[in-house]
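Enquirer: Model the following, please.
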Amino acid sequence: QVQLVESGGGLVQPGASLRLSCAAVGRTFSMYAMGWFRQAPGKERSFIGAITTPGGTHYSDSIKGRFTISRDNAKNAVYLQMNNLEPEDTAVYYCAAGGRVLSLWALSEYDYWGQGTQVTVSS
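Expert: Presented below is the predicted three-dimensional model:
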């Protein structure tokens, strides 16, 4: 069992940056691929990016170049650095952990989910 807790969301203006954190409690964190997803009002939850156990990163084309994912296994944490935020980035952001993830973009591949943190980008 792994418990995930996201933090760092908030209200920011367009062009600003935010860093989301996801803290993991439970079994060996380093054994899990970690994904970030988001869900905007009225839309399905969608893939942002993920980081594998060796530290490789993969991103959705929609955010590539603006968002960066990193992990700190010593702290049992994964981070989502978001730069140059746009109103279209407004959503609830979720982190997820998967023990055997073959398709990083697929929600069904992940075993554990956090409760989400709200990010609102508005002037």
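Enquirer: all strands for the protein, in order.
Expert: Chain-ordered strands for the chain, with DSSP state E as the definition, fall at 2-7, 10-12, 18-26, 33-39, 46-51, 57-59, 67-72, 77-82, 91-98, 112-113, 117-121.
Enquirer: For Trp105, which of these is the nearest?
Expert: strand 46-51 (4.0 Å; C-beta to C-beta). All C-beta atoms are positioned from the backbone trio N, CA, C, and that covers glycine.
Enquirer: What pairs with the closest one, parallel or antiparallel?
Expert: strand 33-39 (antiparallel), strand 57-59 (antiparallel) (DSSP bridges).
Enquirer: What's the separation between Met82 and Gly35?
Expert: Counting by C-beta to C-beta, to the nearest Å, the gap between Met82 and Gly35 amounts to 15 Å.
Enquirer: hmm, I was thinking of Leu20
Expert: In terms of C-beta to C-beta, Leu20 sits 13 Å off from Gly35.
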